[in-house]
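>>> structure for the following, please:
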Amino acid sequence: MPANIDSMAYYGETPWHGLGVPLSAPPDSATMIKAAGLDWKVEMSPAPGTRLAPDGRPLKCQVLRKARDDRERDIMLGLVSRQYVPLQNLEAFRFFDGIVGEGAAIYETAGALGDGERVWVLANIPGEIRVSRNDMVRKYLLLSNSHTGDSAVCVKFTPIRVVCQNTLILALKDGEKAFRVRHSKSMHWRLAEVAEFLRVVHEVFQAAEESFRMLIRIKMTPQRLDDYLESVLPRSADEKRTRARPRRWQPITVLFDTPDARVPEVRHTLWAAYNAVIRFEDYRETRGTAERRLDRVWFGAGADLKLKALQAAERLAASWQ
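Presented below is the predicted three-dimensional model:
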């Protein structure tokens, strides 16, 4: 695999990022882990030169990705405190096994970034959000786990728009974009609680459908488009002083104005403006590769921008109705 993707596999259509080893049948967790190259474990070892606590244990530990055979070396993934509790890849996947086994979801992609610092599994929830007659959004849950000690296990709602494979981000009721579980001794017990969290899946996606349908009812004018872009990508002080329209708005405006024959009812709506921002973020050209773009739009600044774009659209839609 090139660049930032250590390994990856997928079932079904080729993902929007075009990466991964294809599978011919819906996998269980064991099959997906092996196909995605995630069949390795992590262990903790004392960090070289670390001080010892009064009980004799080291204050800092290394998280090591253990070699699968003699041809591979152990890889240091992170430096953590002694309270850190690793979550093995198999354990993380088992969280989804219950709903997958009941036919309530299908493993679709899984993989690791970097040397394995972050692993993920994406599960497709059957059914679609129908925004309009010809515009549908598929429903997904994205679980990610970091072996570096600097982030929690998290599960987020990551729908994908069928027309152009925009990757959306949904917030929970409290505004967070993910349910998080810290690495600790109580983590495995907390992960069992996530089964309760999954009961709100239908509620979250129902709310998303209502929100998206509200956006498609709002017709945009040039002023409204500028107001929306100002909410998402605000002008700098110099741009406000000169009343200049930011150049970074231009590619989004082009995407907003591009007609899509398959969904004519979408054109020049707030839904179209929102998706123009998302599409720009997903596919914009940067110095990074497709692998780094995947990391950005799922986990990094791109995910933050997407959530901001949705919240701004919902706020303006309420005032424009």
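>>> which stretches in the stretch 1-150 of the chain count as strands?
5-11, 21-23, 42-46, 60-65, 75-81, 106-113, 118-132, 135-146 (DSSP state E, counting those that start in this stretch).
>>> direction included, what does the last one pair up with?
Same thing as strand 135-146. Strand pairing for strand 135-146, using DSSP bridges, gives strand 118-132 (antiparallel), strand 153-157 (antiparallel), strand 160-161 (antiparallel).
>>> could I get the ones you listed as a markdown table with mean neighbour count and mean pLDDT?
In this view, the C-beta of every residue, glycine as well, is placed from N, C-alpha and C. A markdown table is the format used below for the strands paired with strand 135-146 (neighbours: other Cβ atoms under 10 Å; pLDDT from 0 to 100):
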| stretch | mean neighbour count | mean pLDDT |
| --- | --- | --- |
| strand 118-132 | 20 | 90 |
| strand 153-157 | 21 | 83 |
| strand 160-161 | 22 | 90 |
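>>> so which of those strands gets nearest residue 204?
strand 153-157 (5.6 Å; Cβ to Cβ).
>>> what does that closest one contact?
Under the contact criterion Cβ atoms under 8 Å, 6 or more residues apart in numbering, strand 153-157 has outside partners 87, 92, 95, 139-146, 169-170, 172, 177-183, 187, 191, 194, 197, 201, 204-205, 208, 303.
>>> make it 6 Å
Strand 153-157 has contacts (Cβ atoms under 6 Å, 6 or more residues apart in numbering) with 87, 141-145, 170, 177-181, 204.
>>> now tell me which of these the prediction trusts least.
Within the set of the contacts of strand 153-157, pLDDT is lowest for residue 177 (69).
>>> now the buried members of the contacts of strand 153-157.
Using 16 or more other Cβ atoms under 10 Å as the burial test, these include 87, 141-145, 170, 177-179, 181, 204 as buried.
>>> if we can go back for a sec, do you know which of the strands of the stretch 1-150 of the chain lies nearest residue 228?
So among these, strand 118-132 is nearest, using Cβ to Cβ, at 17.5 Å.
>>> hey, which helix or strand in this structure has the poorest pLDDT?
Lowest mean confidence among the helices and strands of the chain (mean pLDDT, DSSP states H and E): helix 187-198, at a mean of 66.
>>> what's downstream of that helix, the next helix or strand?
As assigned by DSSP states H and E, the chain's next helix or strand after helix 187-198 is helix 201-217.
>>> still on that earlier bit, mind putting the strands of the stretch 1-150 of the chain in a markdown table, distance to residue 298 included?
Listed next are the strands of the stretch 1-150 of the chain as a markdown table, based on distance: least, Cβ to Cβ, whole Å:
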| stretch | distance to residue 298 |
| --- | --- |
| strand 5-11 | 12 |
| strand 21-23 | 19 |
| strand 42-46 | 21 |
| strand 60-65 | 21 |
| strand 75-81 | 19 |
| strand 106-113 | 9 |
| strand 118-132 | 7 |
| strand 135-146 | 7 |
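>>> so which of those is nearest residue 269?
Of these, nearest to residue 269 by Cβ to Cβ is strand 118-132, at 9.3 Å.
>>> mind listing residues that contact the closest one?
38, 89, 93, 96, 105-110, 112, 136-146, 209, 212-213, 216, 265.
>>> okay, buried residues for the helix or strand that contains residue 312 please.
Residue 312 is part of helix 301-320 when elements are defined by DSSP H and E. By 16+ other Cβ under 10 Å, the buried positions in helix 301-320 come out as 302-303, 305-307, 309-310, 312-314, 316-317, 320.
>>> next: stretch 156-172.
Under 16+ other Cβ under 10 Å, the buried positions of stretch 156-172 are 156-171.
>>> just the closest of these to residue 25, please.
For the buried residues of stretch 156-172, the nearest to residue 25 is residue 160 (21.3 Å; Cβ to Cβ).
>>> I'd like to know how many residues surround residue 232.
Residue 232 has 20 neighbouring residues, counting by other Cβ atoms under 10 Å.
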